[in-house]
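Peer 1: the sequence and its predicted three-dimensional model are supplied below.
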Amino acid sequence: TAQTDLSTLVGQFKAEQQYDFTKLSARFEYKIPLTSASVDQVVKQRLLKKKPGVYQELGGLYDKEQHNLKTLFDFSDDTQKYPKYRDAEDFIDTYPAVPYQFDLLMSVIKGLSDHSVFSGSHESVGERSMLKRFHDALKAKADSQTPEVIEFSQFFDSLRPYFQPKVLTEIIQAERQYADNPLAIKVLKTLLLIKYVKSFKPTLENVAILLVPTLDPDFQIDAFKKDIKAVLEELELKTFIRKNGSHYEYLTDLEKDVDNEIKNTLIENTDRMDVLKEFLFNDILPDSSVRLLNGKIAYEFGKKINDTPIAASQSKEFNVNVVVPMDSTAYSESQVATSSMGVDDLVVSIPTNSRLVSELQRYCQTKKYLKLAQRDGSDPEKSTTIQAHEALNYQRRSDLIQELRQAIVDAPMYINGSQQQIANSNDAKTKVLAGLQHLAEITYPRMSELQPATQEDIRATITQSDNVLLDRGLSTPEQEILSRITLEK
């Protein structure tokens, strides 16, 4: 019946075919549209119409849970805005479906179609197929009790007969492997459905919202998210999915092969340290000097990571030393404080962060893999997958730098065994430079007595008489130097 968009569905014609199609379409005087704007109304009127006795029960449920409903299906800010239950009438008309499902399912079907996931040329494409998807989901919920709702993974079972066999390989394998863990299967099916919906961000929180099973007031969403997180970690470990930053993505057969190749790419600890050095001292703190005496003097400082200078020539009178635990060994604050004693270092202690270390490892492995990957064009599909990994790793780099920036902002800083209270700053570079200025003041307590000398000052002093200093009298710093020289004779 979606005759107004039939030409789009059928595709491009040759001239003779176009003529035949025009004659055929002319037989229909009225073109009946069925758009995404109207499909929810059709579903509500034809599939979700309630018996009179149910209205009061659902109305009471809405009155009881209306405040919870406003936040329960609230997706993250970086995801497209989806509708929620507007009022009691909308809730009664829509239940057990959830308002976001109409728009999101439409995007899912289009995305899967555009990426040739379906076995037929145009199978399951278009708004009318949405009616069957909801019909199948409602049949699956026939024996459920109020206040259960449709979970988004249930739409997968309706679309499954139309998937190409190769698309289902990983799902079938997971169904065997996780026969006793139905939540893992639901998560995987959901991630496959939303894989090509670019406007939907598959974070832990958003995936959990898609799989909310009930509106029961006793349902604990935080505990449910913990269960989802455990499942996501397990699926990532077994390479059914991959994680990029806070997003999770279903992997096709080829993507899984490439992902395993990346995971098996060997890197040295020096590779990780080189990348960490680049992030910390090229992107976050590129400065090599700090301004002292109200900006009159630029004083160079050294840079260290985990007590090791980043270069042999980096030996300076005072340093910034960023401590980043790179394995399961955690540094206690007392250990870090002790390590800062007896050295002129500003120690920035970043707490143990297993996710940061894991993402850094993944970044280094992908970077090395991309250098070695063959791109001769013999396998276009694999080349496309490799290009996708380049984009993912570029984003991973940006995320890692931002995470390190925030870690420095939140990190305690130590000088000679004592934690320093540096003025609050939301900028990592500003905080470290302020710490280094404080370190310089502690290391050189009489620095304020010095007066900057220009080249002209030095030249004038050298060209004057030998007794010029004694003739005009010694300043306090000059007297201090003379006394030191006299003592060391």
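Peer 2: Everything's here; your move.
Peer 1: name all residues that make contact with Glu249.
Peer 2: Counting by Cβ atoms under 8 Å, 6 or more residues apart in numbering, Glu249 touches Leu191, Lys195, Pro202, Ile241, Arg242, Lys243. Where you see a C-beta, it was placed from the backbone N, CA and C, and this is true even at glycine.
Peer 1: now Lys195
Peer 2: Contacts of Lys195 by Cβ under 8 Å, 6+ apart are Gly111, Glu249, Tyr250.
Peer 1: before we move on, the earlier item: quick one: which of the contacts of Glu249 is most hemmed in?
Peer 2: Neighbour counts for the contacts of Glu249 (other Cβ atoms under 10 Å) peak at Ile241, which has 27 neighbours.
Peer 1: what's in contact with stretch 285-296?
Peer 2: By Cβ under 8 Å, 6+ apart, the residues outside stretch 285-296 that reach it are 297-301, 303, 320, 428-429, 432-433, 436-437, 440, 447-448, 450, 452.
Peer 1: weed out the non-buried ones from these.
Peer 2: Tyr299, Phe301, Lys303, Val320, Ala428, Lys429, Val432, Leu433, Leu436, Gln437, Ala440 (16 or more other Cβ atoms under 10 Å).
Peer 1: now, which of the residues you listed lie within strands?
Peer 2: Of the buried ones among the contacts of stretch 285-296, the ones assigned to strands by DSSP state E are Tyr299, Lys303, Val320.
Peer 1: and the contacts of Glu249, which two are furthest apart?
Peer 2: Lys195 and Lys243 (13.9 Å; Cβ to Cβ).
Peer 1: what strand or helix carries the closest residue to Ala428 other than its chain neighbours?
Peer 2: Nearest residue to Ala428, sequence neighbours excluded (Cβ to Cβ, 6 or more residues apart in numbering): Ile408, at 3.9 Å. Assigned by DSSP states H and E, Ile408 belongs to helix 380-410.
Peer 1: who does whatever helix or strand comes next after that helix touch, helix- and strand-wise?
Peer 2: Going down the chain from helix 380-410, the next helix or strand is strand 413-415, by DSSP H and E. Secondary-structure packing of strand 413-415 (3 or more Cβ pairs under 8 Å, 6 or more residues apart in numbering; DSSP states H and E): strand 345-349, helix 428-443.
Peer 1: wait, which of those is closest to Phe73?
Peer 2: Using Cβ to Cβ, the helices and strands packed on strand 413-415 put helix 428-443 closest to Phe73, at 35.9 Å.
Peer 1: give the buried residues for the following helix or strand past the closest one.
Peer 2: Remark: after helix 428-443, the chain's next helix or strand is helix 455-463, criterion DSSP H and E. Counting neighbours by 16+ other Cβ under 10 Å, one finds that helix 455-463 has no buried residues.
Peer 1: distance from the chain centre to helix 455-463, please.
Peer 2: 58 Å (Cα atoms, centre = their mean, to the nearest Å).
Peer 1: what's the answer for stretch 332-352, then?
Peer 2: With Cα atoms, centre = their mean as the basis, the mean position of stretch 332-352 lies at 30 Å from the chain mean.
Peer 1: repeat that for stretch 227-243.
Peer 2: 15 Å.
Peer 1: pull the CA atoms of that stretch into CSV?
Peer 2: Provided in CSV are the C-alpha atoms of stretch 227-243 (Å, rounded to 0.1, in the frame of the first residue of the first chain):
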residue,chain,number,x,y,z
ASP,A,227,24.2,-7.4,34.9
ILE,A,228,24.4,-5.8,31.4
LYS,A,229,28.0,-4.6,32.1
ALA,A,230,29.1,-8.1,33.1
VAL,A,231,27.5,-9.5,29.9
LEU,A,232,29.2,-6.9,27.7
GLU,A,233,32.6,-7.6,29.2
GLU,A,234,32.1,-11.3,28.6
LEU,A,235,31.0,-10.8,25.0
GLU,A,236,33.9,-8.5,24.4
LEU,A,237,36.3,-11.1,25.8
LYS,A,238,35.0,-13.7,23.4
THR,A,239,35.2,-11.2,20.5
PHE,A,240,31.5,-11.2,19.8
ILE,A,241,31.5,-7.5,20.2
ARG,A,242,34.2,-4.8,20.5
LYS,A,243,34.4,-1.7,22.7
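Peer 1: quick check: phi and psi at Phe75.
Peer 2: phi -80, psi 160 (degrees, to the nearest 10).
Peer 1: next, find the distance separating the residue nearest to it when sequence neighbours are not counted from Arg362.
Peer 2: Once flanking residues are discounted, Phe75 sits nearest to Asn206: 5.3 Å by Cβ to Cβ, 6+ apart. Asn206 sits 22 Å away from Arg362, going by Cβ to Cβ, to the nearest Å.
Peer 1: against Lys50, how distant is Tyr394?
Peer 2: 50 Å.
Peer 1: got it, and Lys277?
Peer 2: Using Cβ to Cβ, which is the criterion applied here, Lys277 is 64 Å from Lys50.
Peer 1: check Thr463 too.
Peer 2: Noted for Thr463: a distance of 102 Å to Lys50, by Cβ to Cβ.
Peer 1: so Glu381 sits right up against Glu255, yeah?
Peer 2: No - in this structure Glu381 lies outside contact range of Glu255 using Cβ atoms under 8 Å: 9.9 Å.
Peer 1: the two: which is more packed in?
Peer 2: Between Glu381 and Glu255, Glu255 has the larger neighbour count (other Cβ under 10 Å), namely 22 against 10.
Peer 1: pLDDT of the host helix or strand of that one, averaged?
Peer 2: Applying DSSP H and E as the criterion places Glu255 in helix 253-263. Per-residue pLDDT over helix 253-263 has a mean of 89.
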